[in-house]
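*Asks:* My questions are about this predicted structure, shown below with the sequence.
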Amino acid sequence: DSGVTQTPKHLITATGQRVTLRCSPRSGDLSVYWYQQSLDQGLQFLIQYYNGEERAKGNILERFSAQQFPDLHSELNLSSLELGDSALYFCASSVRAGGPRVETQYFGPGTRLLVL
Amino acid sequence: KNEVEQSPQNLTAQEGEFITINCSYSVGISALHWLQQHPGGGIVSLFMLSSGKKKHGRLIATINIQEKHSSLHITASHPRDSAVYICAVANTGNQFYFGTGTSLTVIP
């Protein structure tokens, strides 16, 4: 158990819908990362938040958005869903001690999204 | 163009064999990560390194910054090592790039 929790574990929805994925980082970790893993594109970095602020951005679509709340949990919002958005979405956390530098990441169990 | 290339894509070994997985990257990096993903999907970070060599149990990771290359070695491989091993790099802007993974099967 990494200490990172993600909800829900599974999500089935229809094209055009909007969903919210939730991530709670390890206690004390200030950074949260979001990743997408699909069969055809593998793992892709979406976005990182550090202590409530966006820190780095990867291949995140405009239909997707994220935020990190004062209690450090994060949410990834996916809207106008398409079939190709079906994937495993992981979050990870790091930086227990603080400071915006790259450190070992602890991954959550993922949310499996299926868009029908 | 892939920023991170891994080889081999698939690897089958007999229990006890020494295993090497290679990773080459093309971007300037602040750190390189080796990740392990089991069939159930969970991901575990094995190593994070920016220079030299790290060892944890039977696993050894090395990186050569000048050659932009890293290797993950598994000594005395065991069936429980069967998993997908993924190389990832963080560039200086803290963006992450992933290799496509090496699927390892260790046969008893």
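*Replies:* In hand now; what should we look at?

*Asks:* Up against chain B, what does chain A have?
*Replies:* With Cβ under 8 Å from any Cβ of the partner chain as the criterion, chain A meets chain B at residues A:2, A:33, A:35, A:42-45, A:48, A:55-58, A:88, A:90, A:92, A:100-107, A:109-110, A:112. The C-beta positions use only the backbone N, C-alpha and C, and glycine is treated the same way.

*Asks:* Among the residues you listed, name the buried ones.
*Replies:* A:2, A:33, A:35, A:42-45, A:48, A:55-56, A:58, A:88, A:90, A:92, A:102-103, A:105-107, A:109-110, A:112 (16 or more other Cβ atoms under 10 Å in any protein chain shown).

*Asks:* Narrow those to those in helices?
*Replies:* Among these, none falls in helices (DSSP state H).

*Asks:* Please flag which of the residues of chain A next to chain B sit within strands.
*Replies:* A:33, A:35, A:42-45, A:48, A:55-57, A:88, A:90, A:92, A:106-107, A:112 (DSSP state E).

*Asks:* Residue 51: how many residues sit nearby?
*Replies:* Defaulting to chain A. Taking other Cβ atoms under 10 Å in any protein chain shown as the criterion, the count of residues near A:N51 is 15.

*Asks:* Can you look at chain B instead?
*Replies:* 11.

*Asks:* Please apply the same query to B:G16.
*Replies:* 11.

*Asks:* how near is it to chain A?
*Replies:* 29 Å (Cβ to the nearest Cβ, to the nearest Å).

*Asks:* contacting residues for that residue?
*Replies:* B:76-77 (Cβ atoms under 8 Å, 6 or more residues apart in numbering or on different chains).

*Asks:* does it sit in a helix, a strand or a coil?
*Replies:* Three-state assignment for B:G16 (DSSP: H, G, I helix; E, B strand; the rest coil): coil.

*Asks:* Write out the residues of chain B neighbouring chain A.
*Replies:* B:30-31, B:33, B:35, B:41-45, B:48, B:86, B:88, B:90, B:93-101.

*Asks:* tell me which strands and helices the helix or strand where B:Q36 lies is in contact with?
*Replies:* Using DSSP states H and E, B:Q36 falls within strand B:29-37. Using 3 or more Cβ pairs under 8 Å, 6 or more residues apart in numbering or on different chains; DSSP states H and E, the elements in contact with strand B:29-37 are strand B:19-25, strand B:43-49, strand B:69-74, strand B:83-91.
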